[in-house]
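In: What follows is a predicted protein model with its sequence.
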Protein chains: 2
Amino acid sequence: MALQSTACKTCSLNPLCLPVSLSFADIEKLDEIIKRGRPIQKGEHLFHQGDAFTSVYAVRTGTLKTYTLTKDGEEQITGFHLASEMIGLSSYDVATYQASAKALETTNVCEIPVALLDELSNQLPDLRRQIMRIMGREIREDQQMMMLLSKKSAEERVASFLLSLAHRFKRRGYSERMFRLTMSRSDMANFLGLAVETVSRVFTRFQHQELISFGGNAKEIHVLQHGELCNIASLSDAERLELGLLDLTNS
Amino acid sequence: MALQSTACKTCSLNPLCLPVSLSFADIEKLDEIIKRGRPIQKGEHLFHQGDAFTSVYAVRTGTLKTYTLTKDGEEQITGFHLASEMIGLSSYDVATYQASAKALETTNVCEIPVALLDELSNQLPDLRRQIMRIMGREIREDQQMMMLLSKKSAEERVASFLLSLAHRFKRRGYSERMFRLTMSRSDMANFLGLAVETVSRVFTRFQHQELISFGGNAKEIHVLQHGELCNIASLSDAERLELGLLDLTNS
DNA sequence: CGTAGACTTGACGCCTCTCAACGTTAGTGG
DNA sequence: CCACTAACGTTGAGAGGCGTCAAGTCTACG
């Protein structure tokens, strides 16, 4: 497991994270405004919905979930966030966080005060562009999620979810065929718009078809037949593109 | 019906649109890069998914829908866009449009070449912030849509949709109690993740309960009981906030 | 005036939710 | 180290909301 440095310029994640496309000098300026605090324990909150919006965060190690509250106090999970992913940008136009962020395991984050980030993006056009790229990507991901929620069956949703995780782990240098599901079944179900029982049933069906298997506990998953899982997921071109499965050579 | 000017500085929409919070001088600079072409006819495309990403657009009059294509060639509508709303920003980090945009009626747009907008946002921090605000809001709207799609019943979805439209018309100076549904039942169903028949059935039920009524054709809707519709929609706090229904005085 | 598309209405079936019971894991304290 | 317990996960049975199919009605446009 790669140890992430405490400075962007030496951090193994910087090709995936905010510093992408920044010059060495610019990364140093960015480093100056970033705060790296103590780790957050599992179950602990990074911020709560309604807190004053002071900082955005980049995940250094671990996983977080972000969620909003429905009318009756249930949570609606809006995303799971792995190393190098940014949290909080969607609150940019309001004074308070519009979601809560909770650690699913022990997690380290880089805190970036928005006031300073805002100031710095006036000076560094590349940084500004990178922030806008990240926001643009998030919009597209959310829209793919909308497609998943409005058009896909339970099996398609679970398969898509697993492929998305696999791809994100791969990009970070981990195995795409074996990884830990740090979120509970209930969290997955919530995120995918399904009942816990349905998620569980799909997992058992996938195991019987020998598409996946679980090691020891129900957390560690092995993806046995990546290709078949892709078929089941009925991915759109947009999703294939995001997962790096689309051949860009065809017109 | 208010006629929108062909310059931002005199446009009645500018308090809702990109120029928000720009100084008079800055608006003039923005005006210089905006192109205002001929109207787009109903059914015509503003751009297609896959076209080179050259410009973002602000709707001046009319309505557009944006959509992506699913694996089997069906469209998945990602949004309806009324006057003053921006289109195309979600493609900011890629070379091609990630969605298609099609006019639902005769529509006028302001075209803003991204190269120039990008350049100008280096010079005008307020413009940059406004763009990021718009993107942040879009992310939150998409996440509310995800909640609608994963948690709400057919009646809740339709009620929420009508309230959203009503609110947006109101903000633009039109009646919130009577407006034209420029999109087809099929478009609404697609957007809301429902079958056309279900949308139609919900409309008849709402009519029997005298919550709404239709004038003449099936396009012009009257909202008879706004409050009751709010109850049916089971709006989250985030949605109430967006619709201006939340009392911010309580802690 | 005729036709195509949009909209409505009804009947039926299926996918997924709900409810309930049971098995398993992890964390706690003795 | 083990017993205990609460949270998590799995499995089954039953029900209901919504999708699908089909037919009929209405509207718009040539």
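Out: Arrived safely.

In: Can you confirm whether stretch A:237-251 lies near chain B?
Out: Yes: using Cβ under 8 Å from any Cβ of the partner chain, stretch A:237-251 reaches chain B at A:237, A:238. In short, each C-beta sits where N, CA and C put it, glycine included.

In: Give me the contacts around that stretch.
Out: A:140-141, A:144, A:160, A:163-164, A:167, A:230, A:233, A:235, B:68-69, B:71, B:98 (Cβ atoms under 8 Å, 6 or more residues apart in numbering or on different chains).

In: Do a quick rundown of the helices in chain A.
Out: Assigned by DSSP state H, the helices in chain A fall at A:24-33, A:114-123, A:125-151, A:154-171, A:185-192, A:196-208, A:226-233, A:237-242.

In: ok, and what's touching stretch A:88-98?
Out: A:47-53, A:55-57, A:68, A:99, A:101, A:114, A:131, A:134-135, A:138, B:132-137, B:139-140, B:143, B:238.

In: what's the spacing between that stretch and its chain's center?
Out: Put simply, stretch A:88-98 sits 17 Å off its chain's centre (Cα atoms, centre = their mean, to the nearest Å).

In: Nearest to DNA strand D among the contacts of stretch A:237-251?
Out: Of all the contacts of stretch A:237-251, residue B:71 has the smallest distance to DNA strand D: 14.2 Å, by Cβ to the nearest atom of the strand.

In: give me phi/psi at that closest one?
Out: phi -50, psi -40 (degrees, to the nearest 10).

In: How about residue A:82?
Out: Per degrees, to the nearest 10, the backbone of residue A:82 is at phi -90, psi 180.

In: Quick check: chain neighbours aside, which residue is closest to it?
Out: residue A:168 (5.4 Å; Cβ to Cβ, 6 or more residues apart in numbering or on different chains).

In: quick one on the thing from earlier: among the contacts of stretch A:88-98, which ones are buried?
Out: The neighbour count (16 or more other Cβ atoms under 10 Å in any protein chain shown) marks A:47, A:49, A:53, A:55-57, A:68, A:99, A:101, A:131, A:134-135, A:138, B:132, B:134-137, B:139-140, B:143, B:238 as buried among the contacts of stretch A:88-98.

In: What's the separation between residue A:187 and DNA strand C?
Out: 14 Å (Cβ to the nearest atom of the strand, to the nearest Å).

In: Tell me if I'm right that that residue and residue A:65 touch.
Out: Yes: assessed by Cβ atoms under 8 Å, residue A:187 is found in contact with residue A:65 at 6.2 Å.

In: shared neighbours of the two, which are they?
Out: By Cβ under 8 Å, 6+ apart, the residues touching both residue A:187 and residue A:65 are A:77, A:80, A:104.

In: Just confirm the last one contacts residue A:186, I think it does.
Out: No: because the distance of 11.8 Å does not satisfy Cβ under 8 Å, residue A:104 is recorded as not touching residue A:186.

In: higher neighbour count, those two?
Out: Using other Cβ atoms under 10 Å in any protein chain shown as the criterion, residue A:104 and residue A:186 rank with residue A:104 on top: 18 against 14.

In: got the contact list for that one?
Out: A:42, A:62, A:63, A:64, A:65, A:80, A:182, A:183, A:187.

In: I'd like to know which of these are buried.
Out: Buried members of the contacts of residue A:104, scored by 16+ other Cβ under 10 Å, are A:62, A:63, A:64, A:65, A:80, A:182, A:183, A:187.

In: ok, for residue A:132, nearest residue in space, not its chain neighbours?
Out: Residue A:132 sits nearest to residue B:92 (Cβ to Cβ, 6+ apart), 5.0 Å away.

In: what about the one you found, distance to DNA strand C?
Out: 32 Å.

In: Just give the number of residues close to the closest residue to residue A:212 other than its chain neighbours.
Out: Excluding the flanking residues, the one nearest residue A:212 by Cβ to Cβ, 6+ apart is residue A:206, at 4.8 Å. Residue A:206 has 23 neighbouring residues, counting by other Cβ under 10 Å.

In: any idea how far residue A:206 is from residue B:34?
Out: Separation of residue A:206 from residue B:34 (Cβ to Cβ, to the nearest Å): 52 Å.

In: Next: residue A:27.
Out: Residue A:27 sits 35 Å away from residue B:34, going by Cβ to Cβ.

In: for the stretch 1-150 of chain A, which spans come out with low pLDDT?
Out: A:1-5 (pLDDT under 70).

In: Revised request: answer the last question for the stretch 151-251 of chain A.
Out: Checking the stretch 151-251 of chain A against pLDDT under 70 turns up A:248-251.

In: residues in it within reach of DNA strand C, list them.
Out: Contacts of the stretch 151-251 of chain A with DNA strand C, taken as Cβ under 7 Å from any atom of the strand, map to A:153, A:154, A:155, A:193, A:194, A:195, A:197, A:198, A:216, A:217, A:218, A:219.

In: and if we set it to 10 Å?
Out: Neighbours of DNA strand C within the stretch 151-251 of chain A, by Cβ under 10 Å from any atom of the strand: A:152-158, A:189, A:192-202, A:214, A:216-220.

In: Please list which of those residues also come close to chain B.
Out: A:192, A:193.

In: filter the residues of the stretch 151-251 of chain A next to DNA strand C to the buried ones?
Out: Neighbour counting with 16+ other Cβ under 10 Å marks A:152, A:154-158, A:189, A:192-194, A:198-200, A:202 as buried within these.

In: quick one: contacts for whatever residue of the stretch 151-251 of chain A ends up closest to chain B?
Out: For the stretch 151-251 of chain A, the residue closest to chain B is residue A:193, as judged by Cβ to the nearest Cβ, at 2.9 Å. For residue A:193, the contacting residues are A:149, A:157, B:146, B:149, B:150, B:151, by Cβ under 8 Å, 6+ apart.

In: out of everything not next to it in sequence, what's closest to the second one?
Out: Once flanking residues are discounted, residue A:157 sits nearest to residue A:192: 4.5 Å by Cβ to Cβ, 6+ apart.

In: What distance do you get for residue A:25 to DNA strand C?
Out: From residue A:25 over to DNA strand C the distance is 44 Å, taken as Cβ to the nearest atom of the strand.

In: Tell me the spacing between that residue and DNA strand D.
Out: 46 Å.

In: What is the neighbour count of that residue?
Out: 9.

In: and it, what does it touch?
Out: Applying Cβ under 8 Å, 6+ apart, no residues qualify as near residue A:25.

In: give me that answer again for 10 Å
Out: Residues in contact with residue A:25 (Cβ atoms under 10 Å, 6 or more residues apart in numbering or on different chains) are A:9, A:124.

In: before we move on, what about residue A:48?
Out: With Cβ under 10 Å, 6+ apart, residue A:48 has these contacts: A:69, A:96, A:97, A:99, A:100, A:101, A:102.

In: go again using 6 Å as the cut-off
Out: By Cβ atoms under 6 Å, 6 or more residues apart in numbering or on different chains, residue A:48 lies in contact with residue A:100.

In: can you redo the helices of chain A as CSV with distance to residue B:9?
Out: Formatted as CSV, the helices of chain A follow (distance: least, Cβ to Cβ, whole Å):
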stretch, distance to residue B:9
helix A:24-33, 35
helix A:114-123, 24
helix A:125-151, 25
helix A:154-171, 45
helix A:185-192, 45
helix A:196-208, 54
helix A:226-233, 49
helix A:237-242, 38
